[in-house]
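>>> predicted model and sequence follow; I will ask about them next.
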There are 2 protein chains.
Amino acid sequence: MSKKSTIHDIAKALNVTASTVSRALNGHPRISERTREAVEEMAKEMGYQHNQIASALRSGRSNIIGVMVPTADRSFFSRVVSGIEDEANRMGFNVIICQSNDRYENEKRNIEALLRLRVDGVIASMAKETQDYTHFAELKNKNTALVLFDRVNEKLGVNTVVLDDYLGAYQAVSHLIKQGCKRIAHFAGVQHLNIYRERLRGYKDALKDHGLPFDEQIVAYGVYIEDGFNNMKTLLQLSNPPDAVFSASDFSALGAMQTIKAHSLRIPQDVALIGFANEPFTSFLEPPLSTIDQHSHEMGIAAAQLLFEAIQNGDRQFPSRTIVLNPELLVRKSSLRV
Amino acid sequence: MSKKSTIHDIAKALNVTASTVSRALNGHPRISERTREAVEEMAKEMGYQHNQIASALRSGRSNIIGVMVPTADRSFFSRVVSGIEDEANRMGFNVIICQSNDRYENEKRNIEALLRLRVDGVIASMAKETQDYTHFAELKNKNTALVLFDRVNEKLGVNTVVLDDYLGAYQAVSHLIKQGCKRIAHFAGVQHLNIYRERLRGYKDALKDHGLPFDEQIVAYGVYIEDGFNNMKTLLQLSNPPDAVFSASDFSALGAMQTIKAHSLRIPQDVALIGFANEPFTSFLEPPLSTIDQHSHEMGIAAAQLLFEAIQNGDRQFPSRTIVLNPELLVRKSSLRV
DNA sequence: TCAAAATGCGCAACCGATTGCACAAATCTA
DNA sequence: TAGATTTGTGCAATCGGTTGCGCATTTTGA
C-alpha cells in the first residue's frame, strides 16, 4: 500500500515542516546533517517518490526535454537520439521523443504538445516538408530553449549542430576521382534543406577543383530506394552514362546498386558508388557500400550539451552557436577500384 | 511577449472566474454556449496554452505514457514504438521513450524515472538481462497501468501482446522441410526469454511432426551477427553439417550467411536460411533472406489499446488479457530451392 | 564579552488548473 | 402559479512541492 506518501507525510512523521523535508531532499545547505539523514531515512522507509509534476509546476522547470526527428526508424536519427538520451540521463532530464514523419503538420502539432507539457527545451531536426518556421520561432517566444541538428535553418538564429556536409561530399567525390572516375553523377535531395544543398555544393566544388566538368544532366533528385532505382535506370540509358555515383543518401545508393546489378554491370569497375549516412545495412551489401559516417551519437551528445547550457543560462540571451562535426569517409569495396 | 497567460488571465479579461474558464475549455455541459465561445475566442486571442503540468497535478492524470524498449535502434522495436505513438496521438497522450539497452539496471532506473513523472501507464519489452521482476510489480502497486509486449513474463499477471513465436518457428521449419532440407540447425536465444523459448519449441515440434530427429548438436545459442558467424563455422566443421538454418534472429542469420559464402557454399542449395523479425536489411541481402514478419506496427497499436483501456478502467481490476498476433512467413530466395 | 555573522527551520504564499458544493436565476411541471 | 428542476456560474479547497522572508539560536571574531 505504498499508494502515495508526500513530503507532508514525511514531515508529519518527523515533526518538522514540509519545507524542511523539501530542502533536506534537495540538499539545501541550510539544513543540518542530522535532519537530512533523518529525512532521507524516513523517505526511504515510507517509499517516498519525488513528484516531478508538482515540482515542475511550482519551480517552472519540468526537467523534460522534447526531441523531434523526422523518423526514429532511420538509424542516423535513432543514434542521435541515443546520444541525446545518454547526455540527458547524466543531467537528470527525461526525454520525450516525437516524430514528424517529415510532415509539416505533424511537426507543428508536436511542438504545440511539447509546449503544453512545458518542456524545458526542444531538440529537433526539421521535416522535409517544412518551409515555414514560425512554430520554431514560437518556442523562443515562450522562452523554451531550442537546438536544431542536421536539418537546420540558419535564419532562425538558434543553436545548431551540423555535420560538415560540404566537406563530406567533397571528400567522397575527390575519392572517386582518385579512383579514376571521370564522369560522376550525383543523387541529390530537396534543395531547401541545408544538408542536401551543402552536399551538392561539395560535389560541384570537388569536380571543379579537379578539373572535371559539371553536367546538370547527371544530377538526379530523390533520396529513397525507388528514386535511386529509377534515376539510375535513366542515367544508364544516356549515351555517355556515368562511371560513378555520389549519392546524398544510402537508400538511393542502394536503389542504384540494384539497377546496376540488373544491368549486369560491375561495382565498382563499371560504376563506383558512394552513399551518405552509414546506415547499418550499407556494410552488409555486396559489395559493401562506401559511405560517410556522420558521428550521429556524438551529434546527439553535442546537441544535448548545447541545450542544457541554454536551459541553465535561462533568459540571458547568448549569441547562438553552431557546432560543426567532421564527416568520416568510409571507403568500402563499392568505390575501391584498385 | 506571449509569455504566459493562464486561465486566470482569461477569466479576468472576461469578468468571470477561472472555474468557468476551465469548464468552458473542457466542454463542461453546464456552461452556456455564449460563455464557451467567448472564452475560446479570448483564449485564442491571448495565445493561451493549456498547462498540462498544472492539470496533471490537480487531476492526477498526466496524459503521459512511458515506453521502454531494449533499444530503439532495432527496426522491430522502432516500428512497435511507431504504432504506439499513432495510437497515443489519437488518444491525446504523450509518449516518453526510454531504452534499457538490455540492461537490468537501466530498466529499473527508467521505471523509477517514469514513476516520478507520474506517467499514467507504461508499455515495455523486457531487457535481456532481466530476471527479477519486482520493478514491474511496483508499477502495479503504485497503480500505474502496465502492458508488456514481445518479451514478457507470464507470471506477472499483466496485459501482454505477443507474437505467436511458436507458430512462426513451426512454419519456418516446416517450410524448410518442404524445400527438401533434412538436417536443419537452429540458432536460439537465451531461454529465460519467452520468445526464444517458444521459437525453440516450435522448431522441435516441427521436426517431430515431420519425422525428423532432434539433434542437440545443431542447436547453437546467440542472436548477434558474430554469434551467427562463429556458430556457423562450428556447424560447417561437423562431419554431417546442416543443410539449413532456422535462426531466431535476422542478425545471426546474417552472420551465418557471411560464413557460408566464405566457405563458397551456395544459398539455398547447400544451406538454406531463414531469419526472424523482418529487419529491413534482410530484403537487401543476396540472396534476400527469408524471415518472419512480426507485424510490429500492429503490435504497438494493440499494446497501446490495451493500455488505454486499462487506464480508463482505473482501479477496477480486470483479469489480465493477452493478445496473440499471427506471424507471417516471408519466403525469399535464401530458402527457396525450387 | 558582546556585536556580527552564520546556521537551522517554520510560515505562508504560490505554481495553474480542477472540482465538489452552493446558490441564484431561468425553465419546467402539474 | 407555486414548487420542482435545470442551468450557469462562483467559492474555495486542493494537488504536492518550492521558496522568499523572518526569527530564534548558535557560532565567530576581535
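Right, received. Where do you want to start? Values in this document were obtained by computation on a predicted structure and should not be read as measured data.
>>> need the contact list for the residue lying closest to A:Tyr48 once chain neighbours are set aside.
The shortest distance from A:Tyr48 to any non-neighbouring residue, by Cβ to Cβ, 6 or more residues apart in numbering or on different chains, is to A:Ser5 (4.9 Å). In short, each C-beta sits where N, CA and C put it, glycine included. Applying Cβ atoms under 8 Å, 6 or more residues apart in numbering or on different chains to A:Ser5 gives the contacts A:46-49.
>>> how about JSON lines for these, with neighbour count added?
Formatted as JSON lines, the contacts of A:Ser5 follow (neighbours: other Cβ atoms under 10 Å in any protein chain shown):
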{"residue": "A:Met46", "neighbour count": "15"}
{"residue": "A:Gly47", "neighbour count": "14"}
{"residue": "A:Tyr48", "neighbour count": "20"}
{"residue": "A:Gln49", "neighbour count": "17"}
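>>> so A:Val162 belongs to a helix, correct?
No: counting by DSSP: H, G, I helix; E, B strand; the rest coil, A:Val162 is not found in a helix; it is strand.
>>> quick check: it vs A:Pro70, distance?
Counting by Cβ to Cβ, to the nearest Å, the gap from A:Val162 to A:Pro70 is 15 Å.
>>> same deal with A:Ala24?
In terms of Cβ to Cβ, A:Ala24 sits 45 Å off from A:Pro70.
>>> got a list of what the residue in the stretch 101-250 of chain A positioned nearest to DNA strand C touches?
Nearest to DNA strand C, among the residues of the stretch 101-250 of chain A, is A:Arg118, at 8.4 Å (Cβ to the nearest atom of the strand). The contact partners of A:Arg118, by Cβ under 8 Å, 6+ apart, come to A:56, A:60, A:62, A:64, B:51-53.
>>> do A:Gly189 as well
Per Cβ under 8 Å, 6+ apart, neighbours of A:Gly189: A:195-196, A:199, A:221-223, A:248-249.
>>> where's the nearest residue to it once chain neighbours are set aside, which helix or strand?
Distances taken as Cβ to Cβ, 6+ apart put A:Tyr196 closest to A:Gly189, at 3.3 Å, once the chain neighbours are dropped. According to DSSP states H and E, A:Tyr196 maps onto helix A:194-209.
>>> quick one: mean pLDDT over the helix or strand just after that helix.
Next along the chain after helix A:194-209, taking DSSP H and E as the criterion, comes strand A:219-221. Averaged across strand A:219-221, the pLDDT comes to 98.
>>> and strand A:219-221, what does it pack against?
Applying 3 or more Cβ pairs under 8 Å, 6 or more residues apart in numbering or on different chains; DSSP states H and E, one finds that strand A:219-221 contacts strand A:184-188, helix A:225-236.
>>> mean neighbour count, those: which tops it?
strand A:184-188 (a mean of 26; mean count of other Cβ atoms under 10 Å in any protein chain shown).
>>> those residues of the stretch 151-300 of chain A touching chain B, which are they?
A:254, A:280-281, A:284-286 (Cβ under 8 Å from any Cβ of the partner chain).
>>> restricted to helices, list those.
With DSSP state H as the criterion, helices contain A:Leu254 from among these.
>>> looking at the residues of the stretch 151-300 of chain A next to chain B, which two lie furthest apart in space?
Maximum pairwise distance among those (Cβ to Cβ): 14.9 Å, between A:Pro280 and A:Glu286.
>>> that older thread, which residues does the residue nearest to A:Gly189 contact?
With Cβ under 8 Å, 6+ apart, A:Tyr196 has these contacts: A:188-190, A:223, A:248.
>>> so which of those residues reach DNA strand D?
With the criterion set as Cβ under 7 Å from any atom of the strand, no member of the contacts of A:Tyr196 is near DNA strand D.
>>> what's in contact with stretch A:304-322?
A:65, A:83-84, A:86-88, A:91, A:93, A:120-123, A:143, A:145-147, A:157-162, A:323.
>>> if we use 6 Å, what do you get?
A:84, A:87-88, A:91, A:120-121, A:123, A:145, A:147, A:157-160 (Cβ atoms under 6 Å, 6 or more residues apart in numbering or on different chains).
>>> first-to-last residue distance for that stretch?
Length of stretch A:304-322, first residue to last, Cα to Cα, to the nearest Å: 13 Å.
>>> would you check how far apart A:Val122 and chain B are?
Going from A:Val122 to chain B by Cβ to the nearest Cβ, to the nearest Å gives 13 Å.
>>> I would like a ChimeraX command selecting only the buried ones among the contacts of stretch A:304-322, please.
To isolate the buried subset of the contacts of stretch A:304-322 in ChimeraX, counting by 16 or more other Cβ atoms under 10 Å in any protein chain shown, use the following:
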select /A:84,87,88,120,121,123,145,147,158,159,160
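>>> okay, the contacts of stretch A:304-322 in JSON lines with secondary structure next?
As requested, the contacts of stretch A:304-322 are exported to JSON lines (three-state DSSP):
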{"residue": "A:Ile84", "secondary structure": "helix"}
{"residue": "A:Glu87", "secondary structure": "helix"}
{"residue": "A:Ala88", "secondary structure": "helix"}
{"residue": "A:Met91", "secondary structure": "helix"}
{"residue": "A:Asp120", "secondary structure": "coil"}
{"residue": "A:Gly121", "secondary structure": "strand"}
{"residue": "A:Ile123", "secondary structure": "strand"}
{"residue": "A:Ala145", "secondary structure": "strand"}
{"residue": "A:Val147", "secondary structure": "strand"}
{"residue": "A:Gly157", "secondary structure": "coil"}
{"residue": "A:Val158", "secondary structure": "coil"}
{"residue": "A:Asn159", "secondary structure": "strand"}
{"residue": "A:Thr160", "secondary structure": "strand"}
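>>> name the nearest of the contacts of stretch A:304-322 relative to A:Asp227.
A:Thr160 (27.1 Å).
>>> spit out the contact partners of the closest one.
A:148, A:152, A:322.
>>> try it again with 10 Å
A:146-154, A:194, A:302-303, A:306, A:320-324 (Cβ atoms under 10 Å, 6 or more residues apart in numbering or on different chains).
>>> before we move on, what about A:Glu286?
A:257, A:261, A:267, A:333-334, B:261, B:284-286.
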